[in-house]
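Enquirer: just need the structure, nothing else, for what follows:
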Amino acid sequence: MPEGDTVFHTAANLRDALVGKALTRCDIRVPRYATVDLSGNTVDEVVSRGKHLFIRVGPASIHSHLKMDGAWRVGPRGKPARQAHKIRIILETAMIQALGIDLGVLEVLDRDNDMDVVAHLGPDLLGDDWDPELAAANLTKDPDRQIAAALLDQRNLAGVGNVYANELCFVFGRLPISPVSSLTDPLRVVNQAQKMLWANRARFDRTTTGNRRRGQELWVYGRAGEPCHRCGTAILRAESSDSERVTYWCPSCQR
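Expert: Numbering: from 1, shown residues only. Predicted coordinates for the structure are as follows:
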């Protein structure tokens, strides 16, 4: 599940592989940008902003969003690609290839104005603009809104996805459908969110419990029917009507 920490780590991998190197191939498999060829230009920066990723090369910025299933894969140039039918962009240098697979958003922007597409986002949990007071104020501006929905709204704070929304609700003993007004200390909630993402920013094997043993990494997410790590009660699961958001909770620990 790509969340802010996953995008941050992905950007770091792409940065190590591409920055300072000239592109020898640029194959964008999106009709609108199929004729764009940035070959010959040097990759100057790779930056993340919430769940958005920007590769700045020459006069352009390649903007991508992983959505639910997207990924960037880095490997040696010429290595056969898995899921070839899902590849939406290929960037190559003399030695390296970077493949954008099943990306939810892929577009080429004017480099000087690329941040306009993320201007609506709240403070980035892993960014230089992180501001916990502003994030807490954003989170509580609609006190009747469900906690999980408010945490997932990137206009409030940028980087929390479904995994962290569920895990934070567990940590603070609230049902995901509880109103924001039920949170006794919203500032503590957003600070905990930042700590969770920061702890996982350099790895893909995410943990929110602090225990990296298999089956012990998360409190509730993905654990329907399994015993709660705290009380032993079976974790429950519910799916939203659009099937894009799945909720997990402990009926004993969360009220």
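Enquirer: from here on, just use CA atoms for contacts and neighbour counts.
Expert: OK.
Enquirer: could you report the pLDDT at Pro59?
Expert: We have a pLDDT of 96 for Pro59.
Enquirer: does it touch Asp110 like I think?
Expert: Yes. Counting by C-alpha atoms under 8 Å, Pro59 does reach Asp110; the two are 6.6 Å apart.
Enquirer: avg pLDDT for stretch 248-255?
Expert: Stretch 248-255 comes out at a mean pLDDT of 96.
Enquirer: pull out the buried positions in that stretch.
Expert: By 16 or more other C-alpha atoms under 10 Å, the buried positions in stretch 248-255 come out as Tyr248, Trp249, Cys250, Pro251, Cys253.
Enquirer: give me the residues contacting it.
Expert: Outside stretch 248-255, the residues that touch it by C-alpha atoms under 8 Å, 6 or more residues apart in numbering are 166, 169-170, 172-176, 220-224, 228, 230-231, 233-238.
Enquirer: can I have the buried ones of the residues you listed as a PyMOL selection?
Expert: Per 16+ other C-alpha under 10 Å, the buried members of the contacts of stretch 248-255 correspond to this PyMOL selection:
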select buried, resi 166+169+170+172+173+174+175+176+220+221+222+223+224+228+234+235+236+237
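Enquirer: so which of the buried residues of stretch 248-255 sit within strands?
Expert: Taking DSSP state E, the ones among the buried residues of stretch 248-255 that sit in strands are Tyr248, Trp249.
Enquirer: wait, which of the buried residues of stretch 248-255 is closest to Leu38?
Expert: Comparing those against Leu38 with C-alpha to C-alpha picks out Tyr248 as the nearest, at 44.1 Å.
Enquirer: which residues of this protein fall in helices?
Expert: In the chain, the helices defined using DSSP state H lie at 4-18, 132-139, 147-152, 162-171, 186-199.
Enquirer: any low-confidence regions in the stretch 101-250 of the chain?
Expert: Counting by pLDDT under 70, the low-confidence segments of the stretch 101-250 of the chain come to 241-244.
Enquirer: buried set for stretch 102-113?
Expert: Quick answer for stretch 102-113 (16+ other C-alpha under 10 Å): Asp102, Leu103, Leu106, Val108, Leu109, Arg111.
Enquirer: give me the contacts around it.
Expert: Stretch 102-113 has contacts (C-alpha under 8 Å, 6+ apart) with 30, 33, 56, 59-71, 86-88.
Enquirer: before we move on, back to that, and the helices of the chain as a markdown table, adding distance to Thr209?
Expert: Shown next, in a markdown table, are those (distance: least, C-alpha to C-alpha, whole Å):
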| stretch | distance to Thr209 |
| --- | --- |
| helix 4-18 | 16 |
| helix 132-139 | 22 |
| helix 147-152 | 19 |
| helix 162-171 | 9 |
| helix 186-199 | 9 |
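Enquirer: and Ile96, which of those helices is closest to it?
Expert: Judging the helices of the chain by C-alpha to C-alpha, what sits closest to Ile96 is helix 4-18, at 6.9 Å.
Enquirer: show me this protein divided up by domain.
Expert: As recorded under the TED database, the domains making up the chain are 4-118, 132-249.
Enquirer: list the contacts of the residue nearest to Asn211 when sequence neighbours are not counted.
Expert: Distances taken as C-alpha to C-alpha, 6 or more residues apart in numbering place Glu217 nearest to Asn211, at 5.4 Å, with adjacent residues excluded. Glu217 makes contact with Arg206, Thr207, Thr208, Thr209, Gly210, Asn211, according to C-alpha under 8 Å, 6+ apart.
Enquirer: please, where are all the strands along the stretch 51-200 of the chain?
Expert: Taking DSSP state E, counting those that start in this stretch as the criterion, the stretch 51-200 of the chain carries its strands at 52-57, 60-65, 71-76, 87-92, 96-101, 105-110.
Enquirer: the ones you listed: which one's closest to Leu157?
Expert: strand 52-57 (13.1 Å).
Enquirer: who are the packing partners of the closest one?
Expert: Counting contacts by 3 or more C-alpha pairs under 8 Å, 6 or more residues apart in numbering; DSSP states H and E, strand 52-57 is packed against helix 4-18, strand 43-49, strand 60-65.
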